[in-house]
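>>> predicted coordinates and the sequence they were generated for:
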Amino acid sequence: MTRVRLGHAFQILVAITLVHAPNALAQPLQLGAATCARPPQLHCPDGGCSREVVTSGGSVVEAKTGRTYFLDYPCDLKRGDKVTFVLSLHGGGSYGNWQRHYFPILDYVDKYRLVVATPFSPRRVWTMEDDGYLENIVTTVIEQIGRENIKAFWLAGHSQGGLTSTRLVCGDFFGSKVDGFLSLSGGRVGGQAGRASGFAVPPATGAAPQAGRGAAPPAGLPAGALTIPPPPGCDFSHIFETGEHEISALPKASERAQKYSCSSEVKQREVVDVKPGYVYDGTRQNPGSKSWGLLPRPGTANILEFRGCRDKRVVADVVRLDKGHTEGLEPKITEEIVKLMVAARGGKIQRGG
C-alpha cells in the first residue's frame, strides 16, 4: 500500500515538473540586471544625439571592479537560446555609448540573436590594467547565458580598441574563447593597410559639444597604448573595416586568408546606404578632415571577401568609400558586417574555451 502511494506521489511530481519546466524555460532572461527595452536605453535618435547621451559609459555594473558597461540583447531571449556574443571596444578618447553607435549592432540584436557588451575605460584608452575588467564581463555573460548556448564569440574594436583587441585575441584568457575579430579602423591582421599620407588628428576647434565629442585620443596616452602588437597567430576569423581616406592602400593579399587556404579570387560586392550613421567627431569640424572624418552622410562600401576558406573561417575587408576614421557606420553596411560575423565558424566557448 505504501509503495502504491509513493508511486502515485512520484507520478504527480513528474506531472508537475513537466507542466512547469517549459514555463520556466519560456521566461525571458535578464542579463547583467540590465533591463531590456525597445528602443534600447540611451539610444541616439537618427540625428543630433546629445553629448550627455553619447558620452555615457552604461548602467550595468561589473561586480568585481564596480565599473559600468552596456549590455544589449534580445528582449525575448530565453534560457537555452543560441546567440552570438560580441565584446565591442571603443577607441582612444571615446566612450561606451559612442562606440555603441559608431558600430550600431545594437539595432540588430533581435534579428541576428546577438548579445553585445560595450565596456568603457574611465581613462578613455585601453591598457593592460583594464584586462581584468574585460575578462570579468565576458565571464559573467558566459555564466548567465551558458557556454553551450554561445554559438560564437567576437571581439570588435575601433581604432585603439582594435589595437587592444589585437593584443588580447590570442592571450591566455581570450585565445581559447574568441572565434572572430572585427577591426574597425584598428589595424588589419595579415598585412597592414598603411595610413594615408595626410592622415592626422585635426586640432580641436572649441565647437559646441555634439555627438562624437571626445573621439580623438586624449593627451598623455600611457606608454604603448598606440603600439601595434605583433601579428596574432591563433585561429580566428577576421574582418577589417576602414574608411577610404584613412589608408594609403588596401593590400590585395591577406596572410590570414592564406592561413585558411582561401581562394585567391576575392568576391567583391558593393553596398549602398541612403541613411547616415549616428555619430562623428563634433569637435573637429571647423574645418573638417576627410581622413579623420566629416559629418555623417549616406555611404557606399566595397566588401571584399576571400571565399572557400578552410574550417568555415571568414576573412574579409570592408572599405567605406569617401569616409574617414570617425564617421559612424551606416545601417546597411553595419548589417552586412553582422551577416559575415554570424556566418563564420564558432564554437570555441561551447567546446570549453
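Yes, it's here.

>>> wait, doesn't residue 253 sit right on residue 193?
No. Residue 253 is not in contact with residue 193 according to CB atoms under 8 Å; the separation is 11.8 Å. Using the backbone N, CA and C atoms, a C-beta is placed for each residue, glycine as well.

>>> okay, those two: which has more neighbours?
Taking residue 253 and residue 193 together and counting by other CB atoms under 10 Å, residue 193 has the greater number of neighbours (18 against 12).

>>> can you pull the contacts of the more buried one?
240, 242, 247, 248, 249, 250, 251 (CB atoms under 8 Å, 6 or more residues apart in numbering).

>>> now the two most distant members of those residues.
Longest distance between any two of these is 14.3 Å, between 240 and 248; criterion CB to CB.

>>> can you map out the strands along the stretch 151-300 of the chain?
All strands of the stretch 151-300 of the chain, identified by DSSP state E, counting those that start in this stretch, fall at 180-184, 237-243, 266-273, 299-306.

>>> can I get those in JSON lines including mean neighbour count?
Formatted as JSON lines, these follow (neighbours: other CB atoms under 10 Å):
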{"stretch": "strand 180-184", "mean neighbour count": "26"}
{"stretch": "strand 237-243", "mean neighbour count": "26"}
{"stretch": "strand 266-273", "mean neighbour count": "14"}
{"stretch": "strand 299-306", "mean neighbour count": "20"}
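
>>> dump these to CSV, plus mean pLDDT and distance to residue 226.
What follows is these, written out as CSV (pLDDT from 0 to 100; distance: least, CB to CB, whole Å):
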stretch, mean pLDDT, distance to residue 226
strand 180-184, 98, 14
strand 237-243, 98, 17
strand 266-273, 96, 30
strand 299-306, 97, 26
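
>>> adding distance to residue 319, write these out as CSV.
CSV is the format used below for the strands of the stretch 151-300 of the chain (distance: least, CB to CB, whole Å):
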stretch, distance to residue 319
strand 180-184, 12
strand 237-243, 6
strand 266-273, 10
strand 299-306, 5
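
>>> of all these, which one comes closest to residue 93?
strand 180-184 (14.6 Å).

>>> which among the contacts of residue 193 end up buried?
Buried subset of the contacts of residue 193 (neighbour count, 16 or more other CB atoms under 10 Å): 240, 242, 247, 250.

>>> what residues are up against residue 114?
Per CB under 8 Å, 6+ apart, neighbours of residue 114: 72, 73, 74, 83, 84, 85, 86, 105, 108, 338.

>>> ok, which of the strands of the stretch 151-300 of the chain comes nearest residue 312?
Using CB to CB, the strands of the stretch 151-300 of the chain put strand 237-243 closest to residue 312, at 8.5 Å.

>>> by contact count, what packs against the closest one?
strand 180-184, strand 315-320, helix 331-343 (3 or more CB pairs under 8 Å, 6 or more residues apart in numbering; DSSP states H and E).

>>> partner strands of the first one, with direction?
The one in question is strand 180-184. Applying DSSP bridges, strand 180-184 is found paired with strand 150-158 (parallel), strand 237-243 (parallel).

>>> next one: the longest one to chain centre, how far?
On the basis of CA atoms, centre = their mean, to the nearest Å, strand 150-158 sits 6 Å off its chain's mean C-alpha point.

>>> for that strand, which positions count as buried?
Result for strand 150-158 [16+ other CB under 10 Å]: buried residues 150, 151, 152, 153, 154, 155, 156, 157, 158.

>>> residue contacts, the first one?
The contact partners of residue 150, by CB under 8 Å, 6+ apart, come to 82, 83, 84, 85, 142, 346, 349, 350.

>>> can we see that at 7 Å?
83, 85, 142, 349, 350 (CB atoms under 7 Å, 6 or more residues apart in numbering).

>>> state the number of residues packed around residue 129.
10.

>>> checking it next. Helix, strand or coil?
helix (DSSP: H, G, I helix; E, B strand; the rest coil).

>>> and it, what pLDDT?
Turning to residue 129, the model gives it a pLDDT of 95.

>>> got it, and residue 345?
Residue 345 is given a pLDDT of 95.

>>> what do you get for residue 22?
Confidence for residue 22, expressed as pLDDT, is 50.

>>> again with the one 4 residues further on
pLDDT, the model's per-residue confidence, is 62 for residue 26.

>>> do the same with residue 214
Model confidence at residue 214 (pLDDT) stands at 44.

>>> CSV please, covering the contacts of residue 114 and showing distance to residue 287 and neighbour count.
What follows is the contacts of residue 114, written out as CSV (distance: CB to CB, whole Å; neighbours: other CB atoms under 10 Å):
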residue, distance to residue 287, neighbour count
72, 35, 27
73, 41, 28
74, 42, 19
83, 44, 23
84, 40, 23
85, 41, 24
86, 35, 23
105, 31, 24
108, 34, 19
338, 34, 22
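
>>> nearest to residue 316, out of those residues: which one, please.
Looking across the contacts of residue 114 and measuring by CB to CB, the closest to residue 316 is residue 338, at 12.2 Å.

>>> on that earlier part again, quick check: the farthest pair among the buried residues of strand 150-158?
Across the buried residues of strand 150-158 (CB to CB), the longest gap, 23.8 Å, separates 151 and 158.

>>> before we move on, the earlier item: got CSV for the strands paired with strand 180-184, with distance to residue 124 too?
CSV is the format used below for the strands paired with strand 180-184 (distance: least, CB to CB, whole Å):
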stretch, distance to residue 124
strand 150-158, 12
strand 237-243, 21
